[in-house]
Structures are given as structure tokens and as C-alpha cells.
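In: mind looking at a prediction? Sequence and model below.
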Protein chains: 2
Amino acid sequence: MTKPCIICCAITGSLPTKADNPAVPITVAEQVESTQEAFEAGATICHAHVRNDEQTPSSDPEKFARLKEGLEKHCPGMIIQFSTGGRSGAGQTRGGMLPLRPDMASLSVGSNNFPTRVYENPPDLVDWLASEMKTYGIRPEIEAFDLSHIHQAARMYADGRLVDSPYVQFVMGVKNAMPVDRDVFDYYIKTMQRLLPDSEWCAAGIGKDQITINEWAVSSGGHARA
Amino acid sequence: MTKPCIICCAITGSLPTKADNPAVPITVAEQVESTQEAFEAGATICHAHVRNDEQTPSSDPEKFARLKEGLEKHCPGMIIQFSTGGRSGAGQTRGGMLPLRPDMASLSVGSNNFPTRVYENPPDLVDWLASEMKTYGIRPEIEAFDLSHIHQAARMYADGRLVDSPYVQFVMGVKNAMPVDRDVFDYYIKTMQRLLPDSEWCAAGIGKDQITINEWAVSSGGHARA
Ligand SMILES: [Zn+2]
Ligand SMILES: [Zn+2]
Ligand SMILES: [Zn+2]
Ligand SMILES: [Zn+2]
């Protein structure tokens, strides 16, 4: 039996604005419309950030609630994944939308450098976000920006801080973090098979790298991202 | 020809106090004495932190100056490596002793988690420390707490932010960072050979892991740490 191919669509992200690309959906209505197109084209997971009216990243639970409502209505059956990434807030505000019980939420389990700053995920915040996801029955998508993050996720599954069957996303191509590198990509997969044998994984690149990484992912048994 | 085995001795570190172990050298005089013993036993590099009188980590250039003076007198020819690690200060104070021109200095090129906090090495600080090391003719020892740090070092050597022949230390066994893992250790070496073929490397474990890691290192062509 072939494993059905999961296509994960990331709507909006946390950074691009309409100045970069007039087609970037900013309001919740625009986000729902754009996701519906992706859903009809076959996307099965929607990885979602929300924005303030001035287009800056937000972690406002009220906006996430309206987005979830719209997606449930217009994309029935689509898996909704909220971002708890650090661009949209600091500390526990990053998880303020988790009581809305999305199907999934992203979870960074380690820290790393970003283009101009440190992407800070202190151990106590990671543990708190993980425990909130447990409380609300949310399946985490582990964001692996580096190799040790896969090891950390495996430890957290082993000691019960994380439950469910693991789902890991390899993130490559962010400046000052892990570059787009085929050898590392293959070693990530090998590491998943060794440490988390019953897991799924997907891979994300930034901008033009996404096409390269999708080719690698699809040909290696992972999920693609559109 | 056999490559001579370099033994790197870390004196004091940044954390243990006399309460943990009465033998921990704290004052500069104690540090010099303890390093001299290691030097006479064959150690060739001294990786040094300094301490305040209350035993807390310090980055006081005056203390580093006295340490360097003592080591040059009592351990002639020993390679002196100052730590620019983050436990002893924040921001540029971490590099305040570099004008003393030690032979080497440690350099973290990425960020990661430590047992209870984020080990922050923001990109601009990394670049500043690297440029100070260039200015003062200091050879960096890259501290690789994760795989992407080796990639980042390779980029910095390629674009001239770092010069000299690369020297990388793999650090394993710090909680919430990379665990002690033989498969990763071998992949680190493979990555070094691929990205930095003319380099040297050594490996550090924490506490009891040091023995394991030394065995791996010596049997794989790396340097040992005592
Ligand atoms: Zn995904
Ligand atoms: Zn995201
Ligand atoms: Zn060393
Ligand atoms: Zn040190």
C-alpha cells in the first residue's frame, strides 16, 4: 500500500508583507480564501500564522479562533496546524492559542541562530508548550532547525513530555542555521529511522529552496510543502 | 608519519566550585600550578576560564593577563587558549581579553540550549569575536554544540571571516544540546572531512562522558582532552 502523500501548505508565514508580494494573504478572510485554493488543489495540512492589521506577526488567540472557524467551514477535513514560532510573540504568549485545540501545532525544541538574531526556545518554555499540547490533545510538529533538535524530540517522546506518533519537520536554508544540504538531509532521515522509527517527517526550505527540498522529500518518503 | 597527539587540558571550566570539588583551582596561582602538572604530564593546549574571588565565572582581562604570564613562565611552549564562552559575561565583554593575544580562543558560531537556558551567540557578536581574533592573530577553536555549527564555521572560513587552518571541538553531553552519541560523532568527522578537509578537531564531553569521548577521539584521529 502506498502511503498517501501529505501536502502541507504554509499560509502567510510570519515575515513577508504585501510590499514584498501583493498576493500575500494578511487578513483572516484572505488567509481562508488562499488556503481554500490550496485545499482544493490537494493540500492536506495548513500551517498557519496570523498577522496584525499592520501586517506584523501576531499571536492573538482571537485571530487564530476566527481563522480556525473559517478553515473548518471552507476546508472541511483539512488538518489545521497553528504556529507557536518565536516571531509572533515572546514567552508563553506564543502558546496562547493552544486552548483552541487545533489538530496540530508547531513546536521548536531547541534554540539556534536566525539571520540577525537568536531564535530563543528556552528549555522551560519548550516544556510548557509541550505540556499545553498534551493538555489540549494537539499533535506537535517538531521544527528541527538542527540535528540536536531531533535528538531532543526523541528524548521528549521517550520520557513522556511528548505523546502521540512523532511528526518532525526539517527546516533548511535559514541563514546562520542549517543550510540546504543533501548530505544532512539524508542523515536527518537516517536519524529519524534510528531514534523515532514510527514517525513521519516533512521538510521546509525558504523561498526558492522549497522546490529543491520538496523533490528530496517526495523521493525519500517524506511529505511535501507547497 | 604519525600525527603527534595533542592533549588539551581544560582548567577550571566555568561552573564547578570548591564546594563541588576542593581540588578545583580557582585563583590564578592555583590555575597555573594545576596546569603545570598537566603540562608536565604531556598536555599541549590549555583551555582557560578565569574566576572571580567568589568563584563565579569572570571575563576580567586583568585576570587573564596574570594567568597568561604565569603559564608562559611555568609551562613554556604550551598553547594557551582563552574561553570566550557565554557563562563568563555577556556581549562584547566575552572578548575583552582578546587583545592579550593568546595563541587560541574558543569561538561559538551558533546558539543552542543549555540545561536551563539558551546559550546565546547572536550573529553580530559571533562576527565581532571572529574579527577580533583576526585582528590579534588568534587561532579560534570552534565550539560545535550542534551540526549546523560546523557548517557555519565552514562558511566563515570560505568567506574570510575566519582565517588560519580550522580547529573544531565537538561538544557532547550537555543537557538539552547534543547528547553523547557515537553515530553523530562519526557524522561530525565525516562532515569535517567534507567541508573542512584541512582541519583538526577535538572532542569534549561533560564529566564522566569525557572518558568515552576521548576513546572515540583518539581512535578516530582527533585530539584528546584531559
Ligand atoms: Zn509540514
Ligand atoms: Zn511557520
Ligand atoms: Zn580542544
Ligand atoms: Zn570552556
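Out: That came in fine, so what should we check first? Ligands and ions are numbered 1, 2, ... in the order given.
In: with just CA atoms, put stretch A:55-66 into CSV.
Out: The C-alpha atoms that make up stretch A:55-66 are tabulated as CSV, following Å, rounded to 0.1, in the frame of the first residue of the first chain:
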residue,chain,number,x,y,z
GLN,A,55,0.9,43.1,8.7
THR,A,56,3.3,42.4,11.7
PRO,A,57,3.3,38.9,13.2
SER,A,58,0.7,38.3,15.8
SER,A,59,-0.2,35.6,18.3
ASP,A,60,-3.6,36.9,19.1
PRO,A,61,-5.8,33.9,20.1
GLU,A,62,-8.9,35.8,18.8
LYS,A,63,-7.4,35.9,15.3
PHE,A,64,-6.5,32.3,15.5
ALA,A,65,-10.1,31.4,16.5
ARG,A,66,-11.5,33.2,13.5
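In: run the chain-centre distance for that stretch.
Out: How far stretch A:55-66 lies from its chain's middle: 16 Å, per CA atoms, centre = their mean, to the nearest Å.
In: closest to the centroid, which residue in chain A?
Out: What sits nearest the mean C-alpha location of chain A, by CA atoms, centre = their mean, is A:Ser106, with 4.4 Å.
In: next, work out how far apart the residue in chain A that ligand 3 sits nearest to and B:Gly173 are.
Out: In chain A, the residue that lies nearest ligand 3 is A:Ser148 (19.8 Å; CB to the ion). From N, CA and C alone the C-beta is placed, and that goes for glycine too. For A:Ser148, the distance to B:Gly173 equals 11 Å [CB to CB, to the nearest Å].
In: joint contacts of these two?
Out: Jointly contacting A:Ser148 and B:Gly173 under the rule CB atoms under 8 Å, 6 or more residues apart in numbering or on different chains are B:Pro179.
In: what about chain A, any weak spots by pLDDT?
Out: For chain A, residues meeting the criterion pLDDT under 70 lie at A:1-8, A:11-15, A:88, A:224-226.
In: how about the helices of it, start to end?
Out: Ranges of helices in chain A, per DSSP state H, are A:28-40, A:61-74, A:123-135, A:147-158, A:182-195, A:209-219.
In: any idea which of those gets closest to B:Thr93?
Out: For B:Thr93, the closest of the helices of chain A is helix A:123-135, at 24.6 Å, according to CB to CB.
In: list the buried ones in that closest one?
Out: A:Pro123, A:Leu125, A:Val126, A:Leu129, A:Ala130, A:Glu132, A:Met133 (16 or more other CB atoms under 10 Å in any protein chain shown).
In: present those as a markdown table; the columns should include distance to A:Val168.
Out: Shown next, in a markdown table, are the buried residues of helix A:123-135 (distance: CB to CB, whole Å):
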| residue | distance to A:Val168 |
| --- | --- |
| A:Pro123 | 19 |
| A:Leu125 | 19 |
| A:Val126 | 15 |
| A:Leu129 | 16 |
| A:Ala130 | 14 |
| A:Glu132 | 19 |
| A:Met133 | 14 |
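In: is it correct that the residue of chain A closest to ligand 3 is in contact with B:Asp146?
Out: Yes - in this structure, A:Ser148 is within contact of B:Asp146 by CB atoms under 8 Å, at 4.6 Å.
In: give me the common contacts of these two.
Out: A:Gly110, B:Asn112, B:Ala177, B:Met178.
In: chain neighbours aside, what residue packs nearest to the last one?
Out: Read that as B:Met178. Once flanking residues are discounted, B:Met178 sits nearest to A:Ser148: 4.3 Å by CB to CB, 6 or more residues apart in numbering or on different chains.
In: so how far is B:Glu141 from the one you found?
Out: 20 Å.
In: of those two, who's got more company?
Out: More neighbours surround A:Ser148 than the other of A:Ser148 and B:Glu141, with 28 against 25 (other CB atoms under 10 Å in any protein chain shown).
In: grab the nearest non-local neighbour of A:Ala29.
Out: Closest to A:Ala29 by CB to CB, 6+ apart is A:Gly70, at 7.2 Å.
In: contacts only, for that neighbour.
Out: A:Gly70 makes contacts with A:Val28, A:Ala29, A:Gln31, A:Val32, as judged by CB under 8 Å, 6+ apart.
In: okay but A:Phe145 is in contact with A:Leu107, surely?
Out: No - with contacts defined as CB under 8 Å, A:Phe145 does not count as touching A:Leu107, sitting 11.8 Å away.
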